[in-house]
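K.L.:
can't give you the sequence, but here's the structure:
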């Protein structure tokens, strides 16, 4: 069983055979999983790739996979942006479980949110939406997880 798990024989030349086992397990499992969370991946990606990220940016993660929950998550964050009164200029909504394999659907969802915002007099000229997705057509907008960004416009 050990040979199937780590791809090595249970026999070891090392005096502490455990080191070899742990190294092999770490090597095999390390390639398939990560201790880095989707939120951390999004933060690092934004720092490395989005010229608009700043100290006035905030990140929030959602585990939602359902459309209704996603709308609620988006508009709750918009309400919080309104209350923040300029303390946050760019809100990154990390959505690793929502349309994670459908960039065009994620884009369509963002356009629907934009349409809703355009009908709200207090918001229509204040919030801009930007999306990033692992499968985005534009390589500059490919992020490791789906990101829905709310940019608060200054008037």
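P.N.:
On my side now, so go ahead. A quick note: this is a predicted structure, and the numbers were derived from the prediction, not measured. Residues are numbered from 1 along each chain as shown.
K.L.:
Next, work out how far apart the closest residue to residue 58 other than its chain neighbours and residue 138 are.
P.N.:
With sequence-adjacent residues excluded and distances taken as Cβ to Cβ, 6 or more residues apart in numbering, residue 58 is closest to residue 88, at 4.6 Å. C-betas here are computed from N, CA, C, even on glycine. Residue 88 sits 25 Å away from residue 138, going by Cβ to Cβ, to the nearest Å.
K.L.:
more neighbours, these two?
P.N.:
residue 88 (17 against 9; other Cβ atoms under 10 Å).
K.L.:
was I right about the more buried one contacting residue 149?
P.N.:
No: judged on Cβ atoms under 8 Å, residue 88 makes no contact with residue 149 at a distance of 11.5 Å.
K.L.:
hmm, who's touching the longest helix along the chain?
P.N.:
Taking DSSP state H as the criterion, the chain has its longest helix at helix 67-84. For helix 67-84, the external contacting residues (Cβ atoms under 8 Å, 6 or more residues apart in numbering) are 60, 62, 64, 88, 91, 93, 95, 98, 109, 113, 117, 122-123, 127, 148, 150, 152.
K.L.:
Tell me the helix or strand right after it.
P.N.:
Where DSSP states H and E defines the elements, the next helix or strand beyond helix 67-84 is strand 90-94.
K.L.:
Adjacent strands (with direction) for that following strand?
P.N.:
strand 57-61 (parallel), strand 147-152 (antiparallel) (DSSP bridges).
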